[in-house]
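Colleague: with the sequence up front, the predicted model follows.
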Amino acid sequence: MNTNTRLAMLALPAALLSAWIGASAVTAATLPTTPKENANGASLTLSAGGGIDTSNPFFKAMGNGRSCASCHSENAGWSVTPNDLQQRFTLTSGNDPVFRLVDGANSPHAAVSTIEQKRLAYSMLLTKGVIRVGMGMPANAEFSLVRVEDPYGHASANELSLFRRPLPSANLKFLSTVMWDARENTPDPAGPNCILGANPARCFASMDASLLRQASDAVRGHAEAAQELSAAEQRAIVNFESGLVAAQVSTRAAGILSEAGGRGGPDALAATTFYWGINDFQNGDYRTRAPFNRTVMTMFGAWRNLAGAPAPAPAPGRRGAPPAPASTADQAKASIARGEALFNNRPMNVVNAAGFQQGAQRATCSSCHNAPNAGSHSIARMIDIGVSDARFRTPDMPLYTLRHNATGQQMQTTDPGQAMQSGRWADIGKFKVPTLRNLSARPPYFHNGSQPDLAGVVRFYDRRFQMGLNQQEITDLANFLGAL
């Protein structure tokens, strides 16, 4: 039986998936779709609807011809990737609906009469998979825009150009924040999702309500639709995407990630518990009141002794048989297991990271990616890890100089992040903590697509927060992330 046949036979009982989708669940048997190859192996999506229903309004062309699927493709981890976009550009001569001036181009005024002009106009989308979010300076902000350096000649206080990756429309079970800057999190004083200890109190509507709002806003904005989605269309879209569970199911080196005691893949992910405030690093578990547990990832512990363990010393005067060499696949599995242990346990020095708990400057990867075996953040806490700092700017990104209105302090950033919603100086550079599952299917990484691969992501954290990783540890941690 070849690998694809074996993967295609994976199935998740409908009762298991419906347990976490709740009232919106489709009762049909949940069947896997076809595994999708990526550079690291293959990913697999499970759908509560018994497959991918292309009659769902998620796939309906609206307004300018775009659908939700224009920027959220199964082939690209339910996001988009440069490779996917370049293929679509070539096949359609740049006429695929994803290539629209409104936000696909570097500037909404770019020339697109020829194929060469289109390639230039959509260069950020084609090379980094980023959409241009046009956003004016917030009213009554604590800061002002004093200078713009935009290589595309468009950005101003009326509309900053903010280049951001489309977030995946799968694994929505694990969300606490909708959109990179939380702009679709619906504030609701009587809502069920409240941040413990927040002063003033911060409560939000359910994720379902926020996703319904996001679906409508996306169709009016990205698809430039003249009419709102109907309530039935909103419900159908959110039901569809809420029923998608996607994860890496195999890697080229380690093989199938659910073998030999491993618990990778989408079937185990669909059974994973999540709720608002599960294992929050600052306040502990909101329901059980248990303290924060840094051992967040527990999928690959069974692989820790598959390779590389030293043989026991022979008794004096006796010869010990040399240990049998581990297979290449076992060595790869052991690397993933070591990476998981690093994720949970390797300390880092969290300094100058606004949004992180004051005084808690020793942390691990699991402090922020604290949802067990999902790697999202379990409440709507936004954190600045420095990705949009001027020191990391590349020449293809705009640069904005901001000044605090009261103190005169200045800051340069490629994207003010949450501050564009709140107007608060302290929120500049803050973004959501994304879910980590299915990473191999959707490079590049970070909100601005600045890291092309997972090894680059690990090296960024190693330098930024002084983790002290050696080359083997960088490889192990990247291999673990690639198995998610």
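Modeller: Arrived safely, thanks for sending. Numbers count the residues shown, from 1 in each chain.

Colleague: quick check: phi and psi at the residue nearest to residue 348 when sequence neighbours are not counted.
Modeller: Nearest non-adjacent residue to residue 348, counting by CB to CB, 6 or more residues apart in numbering: residue 465, 3.8 Å away. Where C-beta positions appear, they are placed from N, C-alpha and C, glycine not excepted. Main-chain torsions, residue 465, degrees, to the nearest 10: phi -120, psi 20.

Colleague: and residue 332, by the same measure?
Modeller: With angles defined as degrees, to the nearest 10, residue 332 sits at phi -70, psi -40.

Colleague: neighbours around it, how many?
Modeller: Around residue 332 there are 21 other residues, counting by other CB atoms under 10 Å.

Colleague: against residue 326, how distant is it?
Modeller: In this view, residue 332 and residue 326 are 10 Å apart by CB to CB, to the nearest Å.

Colleague: tell me how many other residues crowd residue 93.
Modeller: Residue 93: 11 surrounding residues under other CB under 10 Å.

Colleague: what are the phi and psi values at it?
Modeller: phi 50, psi 40.

Colleague: show me what the one helix or strand residue 132 maps to is packed up against.
Modeller: If you go by DSSP states H and E, residue 132 is part of strand 131-135. Here strand 131-135 touches strand 160-164, going by 3 or more CB pairs under 8 Å, 6 or more residues apart in numbering; DSSP states H and E.

Colleague: re earlier: residue contacts, the residue nearest to residue 348?
Modeller: Going by CB atoms under 8 Å, 6 or more residues apart in numbering, residue 465 touches 348, 349, 350, 351, 353.

Colleague: quick check: it vs residue 398, distance?
Modeller: Residue 465 is 26 Å from residue 398, by CB to CB.

Colleague: so where do the helices sit in the stretch 101-250 of the chain?
Modeller: Along the stretch 101-250 of the chain, counting by DSSP state H, counting those that start in this stretch, helices occupy 115-121, 123-128, 207-221, 231-242.

Colleague: identify the residues contacting the longest one?
Modeller: To tie it back to what came earlier, the one meant is helix 207-221. Residues outside helix 207-221 that contact it (CB under 8 Å, 6+ apart): 24, 62-63, 68, 102-103, 172, 175-176, 178-179, 184-186, 188, 193, 204, 225, 228-229, 233-235, 237-238, 241-242.

Colleague: mind listing what's buried along it?
Modeller: 207-216, 218-220 (16 or more other CB atoms under 10 Å).

Colleague: pLDDT weak spots in the stretch 201-350 of the chain?
Modeller: 307-325 (pLDDT under 70).

Colleague: quick one: the strands in it?
Modeller: 203-204, 244-251, 255-256, 348-349 (DSSP state E, counting those that start in this stretch).

Colleague: okay, now the sheet partners of the second one, with direction.
Modeller: Here the strand partners of strand 244-251, with direction, are listed using DSSP bridges: strand 41-47 (antiparallel), strand 255-256 (antiparallel).

Colleague: export it to PDB, keeping only CA atoms.
Modeller: Provided in PDB are the C-alpha atoms of strand 244-251 (Å, rounded to 0.1, in the frame of the first residue of the first chain):
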ATOM      1  CA  LEU A 244     -12.200  22.100   8.400                       C
ATOM      2  CA  VAL A 245      -9.400  20.500  10.400                       C
ATOM      3  CA  ALA A 246      -6.000  20.500   8.700                       C
ATOM      4  CA  ALA A 247      -2.500  19.300   9.700                       C
ATOM      5  CA  GLN A 248       0.700  17.800   8.300                       C
ATOM      6  CA  VAL A 249       0.100  14.100   8.000                       C
ATOM      7  CA  SER A 250       3.600  13.000   6.900                       C
ATOM      8  CA  THR A 251       7.100  14.300   6.300                       C
END
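
Colleague: pull out the buried positions in that strand.
Modeller: The neighbour-count check on strand 244-251 (16+ other CB under 10 Å) flags 244, 245, 246, 247, 248, 249, 250, 251 as buried.
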